[in-house]
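S.K.: could you look at this predicted model? Sequence included:
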Amino acid sequence: MFNCDKCGLCCIGLNKSEVTAYLHDGDGICRNLDLDTMLCRIYEERPIFCDIERYYEELLKDQMDKEEFFRLNAEACDLKKKEWEECGRDIYKMTSRIPDLDEEKEKIIRASLEKV
């Protein structure tokens with residue numbers, strides 16, 4: 001199980017990917033993110049790439065180890081938190097980064113995004 005602390009930072013910086021373009025209004029902040037609570041307003045109906053457990057089970061389980069996928073997500077989460085701290089809470093300076101991946105795993109994850 002992925003240990004999410006529900007900080008909401010993964011819902012910021014969505015303008016960095018075409019896959020998530022429909023979720024924001026040009027500012028990179030998910031329109032479903034409640035900025036007061038930093039919680040998702042549509043959590044039970046969230047898109048598949050917002051639910052890493054389901055994402056893994058439906059798109060990656062035959063191609064990548066679950067613990068490795070969760071570890072990569074945790075690394076990305078840690079990077080977001082570090083950026084948030086460095087930016088002081090200035091959400092417009094937030095950037096999304098993909099953690100260092102070997103070529104094979106990067107191809108697997110990118111290919112799975114095309115299926116979403």
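M.R.: Right, received. Where do you want to start?
S.K.: buried sites along the strand or helix carrying Glu86?
M.R.: In this assignment (DSSP states H and E), Glu86 forms part of helix 66-87. For helix 66-87, a neighbour-count test (16 or more other C-beta atoms under 10 Å) marks 69-70, 72-73, 76-77, 79-80, 83-84 as buried. Backbone N, C-alpha and C define where each C-beta goes, glycine included.
S.K.: between the residues you listed, which sits nearest Cys11?
M.R.: Lowest distance from Cys11 to the buried residues of helix 66-87 (C-beta to C-beta) belongs to Lys80, with 9.9 Å.
S.K.: hmm, Phe2 is touching Arg54, no?
M.R.: No. Assessed by C-beta atoms under 8 Å, Phe2 is found out of contact with Arg54, at 10.6 Å.
S.K.: now do the helices in the chain.
M.R.: For the chain, helices defined by DSSP state H occupy the ranges 52-55, 66-87, 103-115.
S.K.: which of the ones you listed has the lowest mean pLDDT?
M.R.: Of all the helices of the chain, mean pLDDT reaches its minimum on helix 103-115 (a mean of 64).
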